[in-house]
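Engineer: Sharing a sequence plus its predicted fold:
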Amino acid sequence: MQYQFSDYEKAAQVIAERLDGFRPETAMVLGSGLGSMAELAEDPIVIPYGEIPGFQVSTAPGHKGQLVFGVLEGRRVAVMQGRLHAYEGYSFEEVCFPLRVLRLLGCGTLLITNASGGVNFDFRAGDICLITDHIKFFRDSPLRGPNIPEFGVRFPDSTYLYTPRLQDVAREAAKNLGISLVEGVYMYFPGPSYETPAEIRAIRALGGDLVGMSTVPEVIAAGHAGMEVLGFSLVSNAAAGITGDPLSEQEVLDAGKAARDRFSSLIRSCIRDL
């Protein structure tokens, strides 16, 4: 689907009418098993994706598919409780449609999370990783097609997609909380099949530390639209071929539940200081 700027404006207007003057400043996209953080927002306003023109429906396990607006740690937030993925059959443009709408509503910062497979031999299931950069070799892009100048320039720079200032905020928050925080490069694969052991070896050779099926399209769109980005990945399992065990979606959800309190504490601390 090729959206026009008017499509984004229409969706933003529908949401704004429901918000009755509330204007979010920080967008949050929560990954597999991590959506419960939206329940911490004060005075929440919940809008299912299906009630917003242009939004698609989230079908992935553990993704509720709704926007939650409210106040979290003193900040006005818009939480995507469930994201969209290319493997669900959506284009990158459809995947990023909600994020661009949130930008129009006032969000200047994106805090994004995911669950990933650990490629780095030093990473363990349950580690929280600060994403410092990403690798994407696949042709599609949320910026493919006619540029929408209201969001950004035709050829945006990608040097600092993951904002260094916000990375420092995360490091300080983890230090103060006594939470171990690893750092790494996230590599995007479109899924839905997990990567092969040979692909994991290739990722490691290319400098990737993590692998997953989300996040990168949204970060590209956010950077294009001038948003600052802070990204975290919960290492849910060792990637294919490392242990020899088969991979499953259940271990992703289980890892999210096990790390919920620790992860929530870190995110809440970061939100306060963004």
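Structural biologist: Sure, I can see it.

Engineer: Look up which residues are beta-bridged to residue 234.
Structural biologist: residue 115, residue 128 (DSSP bridges).

Engineer: That one against residue 37, yeah?
Structural biologist: No: checked against C-beta atoms under 8 Å, the pair residue 234 and residue 37 is beyond contact range at 11.9 Å. Any C-beta I mention is one placed from the backbone N, CA and C, and that applies to glycine too.

Engineer: The two: who's more crowded?
Structural biologist: Neighbours were tallied for residue 234 and for residue 37 using other C-beta atoms under 10 Å; the higher tally belongs to residue 234 (27 against 22).

Engineer: so what pLDDT did that one get?
Structural biologist: pLDDT recorded at residue 234 is 92.

Engineer: quick one: terminal-to-terminal distance for stretch 151-167?
Structural biologist: 24 Å (C-alpha to C-alpha, to the nearest Å).

Engineer: Only the buried residues of it, if you could.
Structural biologist: Using 16 or more other C-beta atoms under 10 Å as the test for burial, stretch 151-167 gives 151-152, 156, 161-163, 166-167.

Engineer: pLDDT at the nearest residue to residue 221 once chain neighbours are set aside, what is it?
Structural biologist: The shortest distance from residue 221 to any non-neighbouring residue, by C-beta to C-beta, 6 or more residues apart in numbering, is to residue 96 (3.8 Å). pLDDT recorded at residue 96 is 96.

Engineer: ok, residue 96 - contacts?
Structural biologist: Contact analysis of residue 96 by C-beta atoms under 8 Å, 6 or more residues apart in numbering lists 142, 217-218, 220-221.

Engineer: mind checking how far it is from residue 143?
Structural biologist: Residue 96 sits 9 Å away from residue 143, going by C-beta to C-beta, to the nearest Å.

Engineer: got it, and residue 76?
Structural biologist: Distance, residue 76 to residue 143, using C-beta to C-beta: 28 Å.
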